[in-house]
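*Asks:* what follows is a protein structure lacking sequence information:
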């Protein structure tokens, strides 16, 4: 399933690690809470980011919210489709609505993220 | 209007909003629907077909008596005495310094009977100010804000959907007019006014009748594609239509002249009115800032509070901004120095530390097809 192997931040980003590359996006819960997403600002390629550092901005019709990196490393790819079709974040947040890929510096940082059960618990409370 | 600070007011339609899957938010002390299916979809439905709005949070104040017209001519910047029965005018209530307490619509229901519809966020302020100002006249105020509901249908199909449901002859009801008559079998006031830039109607009924009117409109409108619309799309619709929102474009720290609404102020009235001396001075001096429309010409969305620059010089602040669902471009309203307000001027909005070009354009951003 789409959520297989995902880890989460408390700020509702997800991360999926394959090899030494992490793919990052926002959760369906976050996309739903934000409403219609109309603008996604992503960092330049090659930028070094720290875990939980701000790496971009997601704007819905109504609101602006920061995007935080679940994990540190170097930005190796961004989803350029989102500049034309930001609504992919609403329609397919875990798939076509992915935001960026990072070359992971330290895999141990994954340990400080939420697993599926913990994230489900977090969004159930909210 | 009595209201405890920590208790949210609910409109008589609150249960229906929940059943329709609305996301509810607190607004001006009320629990209101922000959106149902989504702001973009609701916005587009109003532009293409029609949408149904619960605006029961707004203030409804009836002013009656032999001197009701004169009392309002003293209390407001406009002159409601000039209104024909059944007509409406956009107006403002100002403080003695000329600051705007609220923008509102005055409807003349009879020779000695007027209705004022005020913003929810200012309903108590307007009620108090009117009570004080009307005190010296033979007129009384009946604040029915908590006893009435207001349901609006807005969009090009409004008249077609609404006509069979009311005994009011809509063909004869011009823009900015009001008539009394039944809607869905209950007594109502029907006004051809709105806040979306589309044709449409606002229906004022007793609290107990709101559900019947809402259900009938929604059910009858469904085959035509009428959907419920929340405050989120109401904001993007009014912004495209270049209509000011109190708290964003209008406030106590600004005058009607700066907002480009000087025409509302009747300085040639033959009677004194609250704020007159200050507004005469403001009119003579000319505005220190001007409200303009901006279209962002780079990447990013200008939002409320973002600084605006003319070259290296700070010239003002964005008051409202969004991505225009109709135009597909980021639009905003901003106050800037009068010398920077000419359409075609290229300014820059500072978006998260980056200066992004934005062009001054004439308001409104959106004109409906006639």
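*Replies:* Arrived safely. Keep in mind that this is a model prediction, so the values were computed, not measured.
*Asks:* number of nearby residues for the residue in the stretch 201-350 of chain B that chain A sits nearest to?
*Replies:* The nearest approach of the stretch 201-350 of chain B to chain A comes at residue B:323, 4.2 Å away (CB to the nearest CB). Every residue, glycine included, has its C-beta placed from N, CA and C. Neighbour count for residue B:323, taken as other CB atoms under 10 Å in any protein chain shown: 23.
*Asks:* for chain A, which segments count as helices?
*Replies:* Taking DSSP state H as the criterion, chain A carries its helices at A:28-34, A:81-84, A:88-91, A:116-125.
*Asks:* flag every residue of the stretch 1-150 of chain B that's near chain A.
*Replies:* The stretch 1-150 of chain B comes close to chain A at residues B:23, B:34-35, B:38-41, as judged by CB under 8 Å from any CB of the partner chain.
*Asks:* just give me the closest of these to residue A:122.
*Replies:* Checking the residues of the stretch 1-150 of chain B next to chain A against residue A:122 with CB to CB, the nearest one is residue B:23 at 19.1 Å.
*Asks:* around chain B, pick out the residues from chain A.
*Replies:* Neighbours of chain B within chain A, by CB under 8 Å from any CB: A:35-36, A:38-39, A:41, A:57, A:59-62, A:64, A:83.
*Asks:* rewinding a little: surely the residue of the stretch 201-350 of chain B closest to chain A and residue B:303 touch.
*Replies:* No: using CB atoms under 8 Å, residue B:323 makes no contact with residue B:303, being 10.6 Å away.
*Asks:* which non-adjacent residue is nearest the residue of the stretch 201-350 of chain B closest to chain A?
*Replies:* With sequence-adjacent residues excluded and distances taken as CB to CB, 6 or more residues apart in numbering or on different chains, residue B:323 is closest to residue A:38, at 4.2 Å.
*Asks:* again, but for residue A:9
*Replies:* residue A:70 (4.9 Å).
*Asks:* so that neighbour sits against residue A:12, correct?
*Replies:* No: contact status for residue A:70 versus residue A:12: not in contact, 10.2 Å apart, counting by CB under 8 Å.
*Asks:* so what's residue 89 up against?
*Replies:* Picking chain A for this. A:25-26, A:31, A:37, A:40, A:58, A:82, A:97, A:99 (CB atoms under 8 Å, 6 or more residues apart in numbering or on different chains).
*Asks:* let me rephrase: I mean chain B.
*Replies:* Contact analysis of residue B:89 by CB under 8 Å, 6+ apart lists B:78, B:80, B:82-83, B:105-106, B:176.
*Asks:* and the residues you listed, which are buried?
*Replies:* In terms of neighbour count (16 or more other CB atoms under 10 Å in any protein chain shown), the buried residues within the contacts of residue B:89 are B:78, B:80, B:83, B:105-106, B:176.
*Asks:* turn those residues into JSON lines, columns for distance to residue B:27.
*Replies:* Shown next, in JSON lines, are the buried ones among the contacts of residue B:89 (distance: CB to CB, whole Å):
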{"residue": "B:78", "distance to residue B:27": "27"}
{"residue": "B:80", "distance to residue B:27": "28"}
{"residue": "B:83", "distance to residue B:27": "30"}
{"residue": "B:105", "distance to residue B:27": "19"}
{"residue": "B:106", "distance to residue B:27": "24"}
{"residue": "B:176", "distance to residue B:27": "26"}
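*Asks:* show me which of those residues is closest to chain A.
*Replies:* The closest of the buried ones among the contacts of residue B:89 to chain A turns out to be residue B:105 (CB to the nearest CB; 25.6 Å).
*Asks:* secondary structure class for the closest one?
*Replies:* Under the three-state scheme (DSSP: H, G, I helix; E, B strand; the rest coil), residue B:105 adopts strand.
*Asks:* for it, which non-adjacent residue is spatially closest?
*Replies:* Nearest in space to residue B:105, with sequence neighbours left out and distances taken as CB to CB, 6+ apart, is residue B:117 at 4.9 Å.
*Asks:* quickly find the element holding that neighbour.
*Replies:* Assigned by DSSP states H and E, residue B:117 belongs to strand B:113-118.
*Asks:* list the contacts of residue 88.
*Replies:* Assuming you mean chain A. Each residue near residue A:88 by CB under 8 Å, 6+ apart is listed here: A:81-82, A:96-97.
*Asks:* hm, I was asking about chain B
*Replies:* Counting by CB under 8 Å, 6+ apart, residue B:88 touches B:105-108, B:176-178, B:191, B:193.
*Asks:* how about stretch B:261-270: buried residues?
*Replies:* Buried residues in stretch B:261-270, counting neighbours by 16+ other CB under 10 Å, are found at B:261-262, B:264-266, B:269.
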